[in-house]
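Chemist: Here's my sequence, what's the structure:
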Amino acid sequence: MPRFSLTATVLDTPDPKGLALFYQRLLGWPLATDEPDWVTLRRDGGGAGLSFQREEDHVPPVWPPPSTSRSRPARPWPGSSRRTTSACASTRPATPFCLFV
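Modeler: Alright, predicted model coming up:
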């Protein structure tokens with residue numbers, strides 16, 4: 001069976017550096033690559049990174065839909081009976097960011 005390893009999750013954005021700096025402050029990971037169209041964060045010690053790719057035609061997502069609450073109970077993780085609460089906000093223009101506690 002073939003094996004693979006995940007090296008990064010890539011997010012499209014019209015502003016790779018701006019979004020990377022937000023996640024850098026959130027995660028505390030250093031910049032590994034810093035180019036005009038591509039920025040990568042990689043945590044010390046290795047593992048999968050987080051990359052940001054310039055996409056000029058990017059259409060920002062709208063989530064949650066305006067008709068729903070920004071904080072509401074969420075379904076438990078599969079196999080868990082514990083309920084969670086989610087809170088979503090727009091951290092940058094039209095960039096949803098959600099926390100599940």
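Chemist: Please, where are all the strands along this protein?
Modeler: With DSSP state E as the criterion, the chain has strands at 8-13, 31-35, 38-41, 49-54, 71-74, 84-92, 95-100.
Chemist: Could you tell me the least trusted of the ones you listed?
Modeler: Sorting the strands of the chain by mean pLDDT places strand 71-74 lowest, at a mean of 52.
Chemist: surely residue 39 meets residue 13?
Modeler: No: the criterion here is Cβ atoms under 8 Å, and residue 39 misses it with residue 13 at 9.3 Å. In this view, the C-beta of every residue, glycine as well, is placed from N, C-alpha and C.
Chemist: More neighbours: these two, which one.
Modeler: More crowded of residue 39 and residue 13, by other Cβ atoms under 10 Å: residue 39, with 26 against 19.
Chemist: Just give the nearest non-adjacent residue to residue 52, would you?
Modeler: Nearest residue to residue 52 in three dimensions, chain neighbours excluded: residue 16, at 3.9 Å (Cβ to Cβ, 6 or more residues apart in numbering).
Chemist: Quickly note the distance from that neighbour to residue 38.
Modeler: As judged by Cβ to Cβ, to the nearest Å, residue 16 and residue 38 stand 6 Å apart.
Chemist: Send me stretch 50-66 as CSV with only the CA atoms.
Modeler: The C-alpha trace of stretch 50-66 is given here as CSV (Å, rounded to 0.1, in the frame of the first residue of the first chain):
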residue,chain,number,x,y,z
LEU,A,50,0.2,25.9,6.9
SER,A,51,0.7,27.7,3.5
PHE,A,52,-1.0,30.7,2.0
GLN,A,53,-1.3,31.0,-1.8
ARG,A,54,-2.2,34.2,-3.7
GLU,A,55,-5.5,33.8,-5.6
GLU,A,56,-6.5,37.0,-7.4
ASP,A,57,-9.9,35.6,-8.2
HIS,A,58,-10.6,34.4,-4.7
VAL,A,59,-14.2,34.6,-3.7
PRO,A,60,-14.4,34.8,0.1
PRO,A,61,-16.6,32.3,1.8
VAL,A,62,-19.7,33.4,3.7
TRP,A,63,-20.0,31.2,6.8
PRO,A,64,-21.9,30.9,8.9
PRO,A,65,-24.8,32.1,6.8
PRO,A,66,-26.1,35.5,8.0
